[in-house]
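S.K.: with the sequence up front, the predicted model follows.
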There are 2 protein chains.
Amino acid sequence: MSKNLTAREDDYSKWYNELVVKADLAENSAVRGCMVIKPYGYAIWEKMQAELDRMFKETGHQNAYFPLFVPKSMFEAEEKNAEGFAKECAIVTHYRLKNDPEKPGKLMVDPNAKLEEELIVRPTSEAIIWSTYKGWVQSYRDLPLLINQWANVVRWEMRTRLFLRTAEFLWQEGHTAHATRSEAIEETEKMMNVYAEFVENFMAIPVIKGLKTETERFAGAEETYCIEALMQDGKALQAGTSHFLGQNFAKAFDVKFSNAEGKQEYVWGTSWGVSTRLMGALVMTHSDDNGLVLPPALAPIQVVIVPIYKTEEQLKEISSVVNILVSELKDIKITVKYDDRTTQKPGFKFAEWELKGVPVRIAVGPKDLENGTFEIARRDNLSKEVVAKEGISLYIQNLLKQIQIDLYTKALNFRDSHITEVDSFEEFKKVIEDKGGFVSAHWDGTAAAEEKIKELTKATIRCIPLNRAEQPGRCILTGNPSNGRVLFAKAY
Amino acid sequence: MSKNLTAREDDYSKWYNELVVKADLAENSAVRGCMVIKPYGYAIWEKMQAELDRMFKETGHQNAYFPLFVPKSMFEAEEKNAEGFAKECAIVTHYRLKNDPEKPGKLMVDPNAKLEEELIVRPTSEAIIWSTYKGWVQSYRDLPLLINQWANVVRWEMRTRLFLRTAEFLWQEGHTAHATRSEAIEETEKMMNVYAEFVENFMAIPVIKGLKTETERFAGAEETYCIEALMQDGKALQAGTSHFLGQNFAKAFDVKFSNAEGKQEYVWGTSWGVSTRLMGALVMTHSDDNGLVLPPALAPIQVVIVPIYKTEEQLKEISSVVNILVSELKDIKITVKYDDRTTQKPGFKFAEWELKGVPVRIAVGPKDLENGTFEIARRDNLSKEVVAKEGISLYIQNLLKQIQIDLYTKALNFRDSHITEVDSFEEFKKVIEDKGGFVSAHWDGTAAAEEKIKELTKATIRCIPLNRAEQPGRCILTGNPSNGRVLFAKAY
């Protein structure tokens, strides 16, 4: 198969868009800004979901489901949150269509079916969930509530890109309620750590944990924790956020509990989410000019086997050897596909599975049968080797683990070599423009300086790293005092 | 705990509504007609999803995700389908809110943010999916497409009831495309059979497979297959449908393929779905005046263990025995909860787990410790027995299987004793009114007779059973000739 993929060097953005479509991950739909997630892309998302869901449950959370719609009056109850999302809302105003009297066979909105109160398609569910929690919480015995929801949300983005920014996207949103401030903060941090663990161990993407500045904070939160990743083009991507909501939503929706002493208090809240955006991060971290590169832990197909043959007889012999291998691999929970299509040549198959990022490709020809070997190719570094049949399953199992580690290490090396400390604004601009990546610099803590830097360089503060050293310095823009470095970058 | 559940005999409908709320399955939300599915209810739905998803994948289907919104022009392309759903659509007309100049802190729809074309919140996804399939199908080699989606849909129902009829509900919708009519019909029947297998084996609900009449058919289908179940109050419930779409959607969206001879043909389609409505069926089939009764295959907690003690020392001793049992049960994949809350008395716990339908309850007190026994209670028939400790895990495993079978058998006996053959309209009315259940009667095949019968009795034709005998007779209403009996019932 011919891939005709734009090279990353030539146009990274074009490469990404083409790859997502050609590798059958997703495509734009006929609905403005909304994507279709194709089966191969969805299979990766399902693997992410399964793993995250397991981690949420292990940390004591349960799933539930809340309405898609939020009545306008409820939406506006937490003012900052409402303000943050008001400009990008899909709004339902009517509940019926009728035949258009002027156009036979066509429909029109029935003006008699106007809703008394408009409904907002949820851009996030704090409002609807906290209005529900009011009924669930009376006493400290009802706390904590540790609830997660897998759902679709809609934010009317003007400029969209597959997975990275779409009007509708899929995500999970955790919403928890606690009796104390410290317990809520602990939960917020715990879930940031769960996200970091997932993204690093399963997606093989290293992340930096940090806090958002006030400007970048979730509308309605007191503090937003985040994990930030770095893409191959030197731009950062926010991979997950966990918000400490303080008592903001409890106050907006009057959610109180009586504590052990019988006194009424407002509940403390958190919310946290990751979305199909992670699919974009996965593609942009590991893939190359030949196509997708998937970490074994999330690959829908981990091993593909391609027979090389001329005659029917040869195919038969190869298949009998391969079938044994297939069943051995399945026994040790490795997902394997035997690509014995007779309609395509091996070269086509190689290119197709390369494009789709299958971590390990095994080729078997008549010579291998003679020698008792398999040819094994790694997708990540494109290396090949011939391996003896004995112990091959174990060999592949270890190889998959090694690939997972190598992908992470490669991404980590790239990321670490793209964190640059600078101490002047000249240097700052130069690094942001020429090298990219994270720039570690002093900042005076004001929104004004942050805004000005963004205006001048398009770089934003990605986070205040949790592990930063307290270190006095001077803001690169204003020269005002700072007590530690923050990470800037251009971002997705 | 006090349950205060209305008895079924007194008011079946009230009993249902109360039970769904008191057992923590779901509740009404602040959004008209939309429900909140609570964690316990959602856990049951997740078990259903997992099983169905496994069955779909085993039969060759893949999951994908399509947009929530359907542009109006696309929605109206298949006229019958559009007509069928037009009267109950949520319609998005605007994409932005702004501050209300007359009410500080309040928001209003921004009249400048009116969409050029209205978007319908999907009531079902044939339109958006077939418009996508157009880009996916060129040749017979691209077929079949075997795709399923787990999603939320919205139908603006005027009278709603938790799970049974809600404005927003969760479901899966399969949408397949085939090269031939016969292959599409085979798929339609296959998925009806998958549904029947799931509902009978996992939900323990017997079903009748049949075809819908033209009146009851899915808007846009050539044939609708269904599975029909019977609730304890004698009303039928449609548990799943599988539609043969013919070439209707292919024609509406111009989806053609070139066949092996290079000729252009329209694609053949199917769609099939089950929804959170099944939760309603589950509740209404098995539960009783004490609360939920859940089949072990779908119970989030299969076994609950309650310690009976007076002193701390006793609790400690009991716990050491119980912990061994818990780990044994977990080893054989039985979901078990040890309810060692010190804040509640055993009686409260018994009532709570009864209300929540946990299939097996084990009680352990000091006497049991002495005798090396457990007291085991079945939720379904409320029987109790004392069982020796040796081999207890295996005993419980078998007991769970037995309960699953017994629930099915009980429901089957009830259903079978509520299929009444009648040969006159007098009899018909009497059975529908007094006994309920399915009434097997001759019908002349006209929509007019069907409509008239509905008007006079509120009974509708639930299905033309697939296994019915060809047998000449006279329509109970008109006396016109009929060639077989159909099943009538009042229905949810």
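M.R.: Noted; the coordinates are in hand.
S.K.: can you list the domains in chain A?
M.R.: A:12-69+A:131-286, A:303-397, A:419-489 (automatic domain parsing).
S.K.: so which of the ones you listed gets nearest B:Ala77?
M.R.: Proximity to B:Ala77 (Cβ to Cβ) singles out domain A:12-69+A:131-286 among the domains of chain A, at 10.9 Å. Any C-beta I mention is one placed from the backbone N, CA and C, and that applies to glycine too.
S.K.: circling back to that earlier point, most packed of the domains of chain A?
M.R.: Highest mean neighbour count among these (mean count of other Cβ atoms under 10 Å in any protein chain shown): domain A:12-69+A:131-286, with a mean of 21.
S.K.: what's the average pLDDT for it?
M.R.: Regarding domain A:12-69+A:131-286, the rounded mean pLDDT is 97.
S.K.: same deal with stretch A:458-477?
M.R.: The pLDDT scores in stretch A:458-477 average 96.
S.K.: start and end of it, how far apart?
M.R.: End-to-end span of stretch A:458-477 (Cα to Cα, to the nearest Å): 14 Å.
S.K.: SS state for the residue nearest to the spatial centre of chain A?
M.R.: Nearest residue to the geometric centre of chain A (Cα atoms, centre = their mean): A:Leu278, 1.6 Å. Classification of A:Leu278 by DSSP: H, G, I helix; E, B strand; the rest coil places it in helix.
S.K.: how much space separates it from chain B?
M.R.: 15 Å (Cβ to the nearest Cβ, to the nearest Å).
S.K.: next one: A:Leu369
M.R.: Between A:Leu369 and chain B the computed distance is 30 Å (Cβ to the nearest Cβ).
S.K.: before we move on, the earlier item: out of the domains of chain A, which comes closest to B:Lys435?
M.R.: Once these are compared by Cβ to Cβ, domain A:12-69+A:131-286 is nearest, at 37.4 Å.
S.K.: quick check: end-to-end length of that closest one?
M.R.: 13 Å.
S.K.: at the contact with chain B, which residues of the stretch 201-350 of chain A appear?
M.R.: A:Thr343 (Cβ under 8 Å from any Cβ of the partner chain).
S.K.: doesn't A:Phe202 make contact with the residue nearest to the centre of chain A?
M.R.: No. A:Leu278 is beyond contact range of A:Phe202, at 9.9 Å (criterion: Cβ atoms under 8 Å).
S.K.: what touches both of these two?
M.R.: Common neighbours of A:Leu278 and A:Phe202, using Cβ atoms under 8 Å, 6 or more residues apart in numbering or on different chains, are A:Met48.
S.K.: in the stretch 151-300 of chain A, what residue is nearest chain B?
M.R.: Closest contact between the stretch 151-300 of chain A and chain B, by Cβ to the nearest Cβ, is at A:Trp156 (4.3 Å).
S.K.: so when I look at that residue, I'm seeing a strand, right?
M.R.: No. Under three-state DSSP, A:Trp156 sits outside any strand and is assigned coil.
S.K.: and it, how far is that from A:Phe348?
M.R.: 42 Å (Cβ to Cβ, to the nearest Å).
S.K.: A:His94 too?
M.R.: To A:Phe348, A:His94 is 51 Å away according to Cβ to Cβ.
S.K.: do A:Ser125 as well
M.R.: To A:Phe348, A:Ser125 is 46 Å away according to Cβ to Cβ.
S.K.: quick one, phi/psi of A:Ser242?
M.R.: Main-chain torsions, A:Ser242, degrees, to the nearest 10: phi -140, psi 120.
S.K.: for A:Ser125, same thing?
M.R.: Torsion angles, degrees, to the nearest 10, at A:Ser125: phi -110, psi 10.
S.K.: measure it to chain B for me?
M.R.: 11 Å.
S.K.: wait, isn't that residue in contact with A:Glu173?
M.R.: Yes. Taking contacts as Cβ under 8 Å, A:Ser125 lies within contact range of A:Glu173: 5.7 Å.
S.K.: need the overlap of contacts for the two.
M.R.: Contacts common to A:Ser125 and A:Glu173, judged by Cβ under 8 Å, 6+ apart, are A:Gln149, A:Ala151, A:Val153.
S.K.: what lines up beside the helix or strand A:Phe374 falls within in the sheet?
M.R.: Element membership of A:Phe374 [criterion: DSSP states H and E] is strand A:373-378. Strand A:373-378 has the following sheet partners, assigned by DSSP bridges: strand A:360-364 (antiparallel), strand A:384-388 (antiparallel).
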